[in-house]
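> need a 3D model of the following:
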Amino acid sequence: MADLGLSELLIIVAVFVLLFGSARLPGAARSVGRSLRIFRAEVTRPDDASPPPGGTGDRDEPPPASPASP
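A predicted model of the protein is given here:
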């Protein structure tokens with residue numbers, strides 16, 4: 001991959017500011033950082049620590065409904 005110099009990085013930053021605006025840029029960077037943090041946590045988690053395929057094992061289901069009497 002090509003090395004990026006200072007002028008190329010400044011052009012990339014200027015394009016981002018023009019696309020997102022200076023007000024939305026911190027929010028966009030924050031959401032990208034959150035996404036990368038979640039991705040890294042999922043990638044580095046060992047296989048045995050992952051939840052079972054059927055869910056977490058908690059019973060979040062409502063109790064079965066009683067039959068209606070006529």
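> counting by contacts, list what the helix or strand containing residue 33 packs against.
Counting by DSSP states H and E, the element that carries residue 33 is helix 6-44. Counting contacts by 3 or more CB pairs under 8 Å, 6 or more residues apart in numbering; DSSP states H and E, helix 6-44 packs against no other helix or strand. C-betas here are computed from N, CA, C, even on glycine.
> that one: which residues count as buried?
By 16 or more other CB atoms under 10 Å, helix 6-44 has no buried positions at all.
> state the mean pLDDT of it.
Averaging pLDDT along helix 6-44 yields 89.
> C-alpha coordinates for stretch 29-47, PDB please?
Only the C-alpha atoms of stretch 29-47 are listed here, as PDB (Å, rounded to 0.1, in the frame of the first residue of the first chain):
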ATOM      1  CA  ALA A  29     -15.600   9.700  14.700                       C
ATOM      2  CA  ARG A  30     -17.200   8.600  18.000                       C
ATOM      3  CA  SER A  31     -19.500   6.000  16.300                       C
ATOM      4  CA  VAL A  32     -16.600   4.700  14.200                       C
ATOM      5  CA  GLY A  33     -14.500   4.300  17.400                       C
ATOM      6  CA  ARG A  34     -17.400   2.500  19.100                       C
ATOM      7  CA  SER A  35     -17.800   0.100  16.200                       C
ATOM      8  CA  LEU A  36     -14.100  -0.700  16.100                       C
ATOM      9  CA  ARG A  37     -14.000  -1.300  19.900                       C
ATOM     10  CA  ILE A  38     -17.000  -3.700  19.600                       C
ATOM     11  CA  PHE A  39     -15.400  -5.400  16.600                       C
ATOM     12  CA  ARG A  40     -12.100  -6.000  18.400                       C
ATOM     13  CA  ALA A  41     -13.900  -7.300  21.500                       C
ATOM     14  CA  GLU A  42     -15.800  -9.800  19.300                       C
ATOM     15  CA  VAL A  43     -12.700 -10.900  17.400                       C
ATOM     16  CA  THR A  44     -10.500 -11.400  20.500                       C
ATOM     17  CA  ARG A  45     -13.200 -13.200  22.500                       C
ATOM     18  CA  PRO A  46     -12.400 -16.900  23.000                       C
ATOM     19  CA  ASP A  47     -14.800 -19.400  21.400                       C
END
